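A.B. asks: A structural model of the following input is requested.
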Amino acid sequence: MKTRFKPKYNIRKGDSVVVIAGDDKALDKPRVVKEVLVEDAKVIVEGVNIITKHTKPSAQNTKGGIVKKEAPIHISNVMLWDAAQKKGAKVSKVKNAEGKTERVFKTKTQGGKK
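C.D. replies: As a prediction, this is how the structure comes out:
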């Protein structure tokens, strides 16, 4: 990524997320983020976007063969999992009393358009 400032994302390694778009879309099944690739704006999520890779025999892998592993998906295709609401939710950053920023889930208000 050839930008001056590194982008900041609300999703971190170890977070529970739901996949909201793509072949592995499941809005009610939380999954764990294994890695966040900030430069590419992608994440590797456990059990999502499985690819088969054919490997040659090498010193580490003497047999070679077919290996199944997770491929990255775009960060916009996942949403943080809110355990209290039991669904994906948007997040805002709020400063607490000690001056640290923390992530807070946004909740829908009663009024407004549907």
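A.B. asks: Span of stretch 14-31 from start to end?
C.D. replies: 9 Å (Cα to Cα, to the nearest Å).
A.B. asks: So which bits of it are buried?
C.D. replies: Neighbour counts over stretch 14-31 (16 or more other Cβ atoms under 10 Å) mark 15, 17-19, 30-31 as buried. (Each C-beta comes from the backbone N, C-alpha and C, glycine too.)
A.B. asks: Might you specify the subset of these located within strands?
C.D. replies: Assigned to strands by DSSP state E, the following of the buried residues of stretch 14-31 qualify: 17-19, 30-31.
A.B. asks: Give me the helix or strand of this structure that scores worst on average pLDDT.
C.D. replies: strand 91-95 (a mean of 84; mean pLDDT, DSSP states H and E).
A.B. asks: downstream neighbour of that one in the secondary structure list?
C.D. replies: The helix or strand immediately downstream of strand 91-95 is strand 101-105, counting by DSSP states H and E.
A.B. asks: give me the beta-bridge partners of the nearest residue to Val17 once chain neighbours are set aside?
C.D. replies: Among residues not flanking Val17 along the chain, Val78 sits closest, at 4.3 Å (Cβ to Cβ, 6 or more residues apart in numbering). On the basis of DSSP bridges, Val78 is bridged to Val19.
A.B. asks: which ones are touching Val78?
C.D. replies: 11, 17-20, 33, 43, 45 (Cβ atoms under 8 Å, 6 or more residues apart in numbering).
A.B. asks: if I look at the closest residue in space to Leu27 that isn't next to it in sequence, how far off is His74?
C.D. replies: Once flanking residues are discounted, Leu27 sits nearest to Val18: 5.5 Å by Cβ to Cβ, 6+ apart. According to Cβ to Cβ, to the nearest Å, Val18 stands 14 Å off from His74.
A.B. asks: One more: Ile11?
C.D. replies: Using Cβ to Cβ, one gets 11 Å for the distance from Ile11 to His74.
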